[in-house]
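Engineer: coordinates only, sequence not included:
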Ligand SMILES: [Zn+2]
């Protein structure tokens, strides 16, 4: 997997659980134990109540399409062979917004379309959650 | 803030030529704009005791280059939303007596240094999925606008076409070849639904404004322009998707606009020209809706038929904006507001121009209303 040429996430103590879950085929987000606020990307304190008492919870993987775009320019060489590639914005059923890619036929994309998470392994350490139209 | 209404005026403005100047750095460019602004108002440069620098690496070097030791300095980060912040902070510093005359300077060397505004230059949470660049964030917003309201890319083209038309009337502008709606539709795709003509320029250049209290603004060479009102609202929640707001910054722009109109005591019908931060063409639509020139979702039809052109219902970015004049990140639009109110704009002059509004629909939204003294 050393030939993987696209940008990889910079793992740190805050975001590592997200990538650990993804490697196991689970989409997880940070949830505040005190007020139940669900948020992503992870935060050192709960943005709603400022509690440090937070945990990672797997979510349903279901969401709706909020928007999508089609890249015709590669800002990293690793994306050159994929052009044009899409990037989508998904509102998870549990609330948070995620940026990801639509796999499969993106021509049927519409605002509000139902999507489900799928997983694509990038390296031994990193598996990327992506979405498919339901 | 109403006690600050008309308290401060712009007395001098200046700019460099715009283009690629690899032999100059930020200090060289900013010094030229400063010299131009000093000459514009006839102030003794040693009287300037307040300094705002933006996208200029080191404030002290800037002061050294200009040979001044100010009493008050503010350094702003090199983000495309600092002009409104800097001008408003300068107003409050003058009103508080921190200094007597403020020079605000902005310089950009992005053209000759080949800045890309994406990829590894600006790492972010979503890089692994290939999401990068402010243009892509605006494409994401515009796609939503198309889906929610039926806005079309031909309507979006009206923004780029009108602003290019103004650049063709501005001898300083970088882009001086007229474009049509069909040109816009046929332009190279960058991040669809946006194409090349929806993107701002990247060029070198610098801008300077000189501000002072209105009570002494009559002592200089040019008629002063009043800062009649301003408003502000940040939108930081959701910032992991940089340069993006799920609701087009509508709430922030509405709030900032309401503050500015109330402070200045003017309303939409009084605005003779709008200077709308146009890093990407959709931002102009979002600004029109947020400020209330039309309802949310109706900016596409509002701009049809050349409404933003000189002579149209709301002349917008009469200097050619970021899309076609120069990428001076809002600073040049504020200079244009001043020049319009002075009546210095020649072929692109708005007739009987008395009120000009600046707006930046960005994570740091600001609006400033300028009037003739
Ligand atoms: Zn909480």
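Structural biologist: Cool, the structure landed. Quick caveat, the model's predicted, so the values are computed rather than measured.

Engineer: Next one: stretch B:123-143, is it in contact with chain A?
Structural biologist: Yes: Stretch B:123-143 reaches chain A (Cβ under 8 Å from any Cβ of the partner chain) through B:123, B:125-133, B:136, B:139-141, B:143. For glycine as for every other residue, the C-beta is placed from the backbone atoms N, C-alpha and C.

Engineer: The chain: helices as residue ranges?
Structural biologist: I'll assume chain A. Remark: helices assigned in chain A by DSSP state H are A:16-23.

Engineer: Please refer instead to chain B.
Structural biologist: In chain B, the helices defined using DSSP H lie at B:26-41, B:59-66, B:82-96, B:134-149, B:153-167, B:181-186, B:250-264, B:281-291, B:299-302, B:331-342.

Engineer: can I get those helices in CSV with mean pLDDT?
Structural biologist: Shown next, in CSV, are the helices of chain B (pLDDT from 0 to 100):
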stretch, mean pLDDT
helix B:26-41, 98
helix B:59-66, 98
helix B:82-96, 98
helix B:134-149, 98
helix B:153-167, 98
helix B:181-186, 98
helix B:250-264, 98
helix B:281-291, 98
helix B:299-302, 98
helix B:331-342, 98
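
Engineer: To residue A:48, which of those lies closest?
Structural biologist: Among the helices of chain B, the nearest to residue A:48 by Cβ to Cβ is helix B:250-264 (18.5 Å).

Engineer: So what touches that closest one?
Structural biologist: B:1-2, B:4-5, B:228-235, B:245, B:267-268, B:286-287, B:289-292, B:296, B:355, B:357, B:359, B:361, B:365-369, B:371 (Cβ atoms under 8 Å, 6 or more residues apart in numbering or on different chains).

Engineer: Which positions within it qualify as buried?
Structural biologist: For helix B:250-264, burial by neighbour count (16 or more other Cβ atoms under 10 Å in any protein chain shown) applies to B:250, B:252, B:253, B:254, B:255, B:256, B:257, B:259, B:260, B:261, B:263, B:264.

Engineer: now stretch A:15-29
Structural biologist: A:15, A:18, A:19, A:21, A:22, A:26, A:27, A:28, A:29.

Engineer: ok, the third one touching residue A:13?
Structural biologist: No: contact between residue A:19 and residue A:13 fails when scored by Cβ atoms under 8 Å: they sit 11.6 Å apart.

Engineer: What distance do you get for the nearest residue to residue A:65 once chain neighbours are set aside to chain B?
Structural biologist: Distance criterion Cβ to Cβ, 6 or more residues apart in numbering or on different chains; nearest residue to residue A:65, sequence neighbours excluded, is residue A:113 at 4.4 Å. Noted for residue A:113: a distance of 10 Å to chain B, by Cβ to the nearest Cβ, to the nearest Å.

Engineer: Would you mind confirming that residue A:113 is in contact with residue A:131?
Structural biologist: No: in this structure residue A:113 lies outside contact range of residue A:131 using Cβ under 8 Å: 9.8 Å.

Engineer: which two in the buried residues of stretch A:15-29 are spaced the farthest apart?
Structural biologist: Spatial extent of the buried residues of stretch A:15-29 (Cβ to Cβ) is set by the pair A:15 and A:26 at 14.8 Å.

Engineer: Can you give me the pLDDT of residue B:112?
Structural biologist: According to the prediction, residue B:112 has pLDDT 86.

Engineer: That one against residue B:202, yeah?
Structural biologist: No: using Cβ under 8 Å, residue B:112 is not in contact with residue B:202; the gap is 9.8 Å.

Engineer: quick one: common contacting residues for those two?
Structural biologist: By Cβ under 8 Å, 6+ apart, no residue touches both residue B:112 and residue B:202.

Engineer: show me what contacts the spatially closest residue to residue B:40 that is not a sequence neighbour?
Structural biologist: Once flanking residues are discounted, residue B:40 sits nearest to residue B:12: 4.4 Å by Cβ to Cβ, 6+ apart. Counting by Cβ under 8 Å, 6+ apart, residue B:12 touches B:37, B:38, B:40, B:41, B:43, B:208, B:209, B:210, B:220, B:222.

Engineer: which residues does residue B:12 bridge with?
Structural biologist: Beta bridges link residue B:12 to residue B:210, judged by DSSP bridges.

Engineer: From the ion, how far out is it?
Structural biologist: Separation of residue B:12 from the ion (Cβ to the ion, to the nearest Å): 50 Å.

Engineer: Same check on residue B:162?
Structural biologist: Distance, residue B:162 to the ion, by Cβ to the ion: 47 Å.

Engineer: What is the neighbour count of the closest residue to that residue other than its chain neighbours?
Structural biologist: With Cβ to Cβ, 6+ apart as the criterion, residue B:162 has its nearest non-adjacent residue at 3.8 Å, and that residue is residue B:308. Neighbour count for residue B:308, taken as other Cβ atoms under 10 Å in any protein chain shown: 29.

Engineer: Repeat that for residue B:188.
Structural biologist: For residue B:188, the tally of surrounding residues (other Cβ under 10 Å) stands at 10.

Engineer: what does the one 3 residues further on give?
Structural biologist: Using other Cβ under 10 Å, the number of residues around residue B:191 comes to 30.

Engineer: and it, what pLDDT?
Structural biologist: Residue B:191 is assigned 98 on the pLDDT scale.

Engineer: Export the buried residues of stretch A:15-29 as a markdown table, with columns for distance to residue A:120.
Structural biologist: Formatted as a markdown table, those follow (distance: Cβ to Cβ, whole Å):
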| residue | distance to residue A:120 |
| --- | --- |
| A:15 | 18 |
| A:18 | 15 |
| A:19 | 13 |
| A:21 | 15 |
| A:22 | 10 |
| A:26 | 14 |
| A:27 | 13 |
| A:28 | 17 |
| A:29 | 19 |
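
Engineer: Can you tell me which of these lies closest to the ion?
Structural biologist: Closest approach between the buried residues of stretch A:15-29 and the ion, by Cβ to the ion: residue A:29, at 13.2 Å.

Engineer: beta partners for the closest one?
Structural biologist: residue A:57.

Engineer: Now do the contacts for it.
Structural biologist: A:18, A:38, A:39, A:40, A:56, A:57, A:59, A:92, A:94, A:96.

Engineer: Swap in 10 Å and give it another go.
Structural biologist: By Cβ atoms under 10 Å, 6 or more residues apart in numbering or on different chains, residue A:29 lies in contact with A:17-18, A:21, A:38-42, A:56-59, A:92, A:94-96, A:98.

Engineer: Then residue B:370?
Structural biologist: So, once contact is read as Cβ under 10 Å, 6+ apart, residue B:370 ends up touching B:9-10, B:87, B:225-230, B:264, B:273, B:275, B:334, B:337-338, B:340-341, B:353-358.

Engineer: Narrow those residues to just the buried residues.
Structural biologist: Those of those that meet the buried threshold are B:9-10, B:87, B:225-230, B:264, B:273, B:275, B:334, B:337-338, B:340-341, B:353, B:355-358, by 16+ other Cβ under 10 Å.

Engineer: ranges for the strands of chain A?
Structural biologist: Secondary structure of chain A (DSSP state E): strands at A:28-32, A:38-39, A:54-58, A:62-71, A:85-92, A:97-100, A:102-103, A:114-121, A:127-133.

Engineer: check contacts around residue 9.
Structural biologist: Let's take chain A. Applying Cβ under 10 Å, 6+ apart, the residues contacting residue A:9 are A:15-16, A:18-19, A:22, A:122, A:125-126, A:128, B:125-129.

Engineer: The chain in question should be chain B.
Structural biologist: Per Cβ under 10 Å, 6+ apart, neighbours of residue B:9: B:91, B:94, B:210-218, B:220, B:223-228, B:338, B:370-371, B:373.
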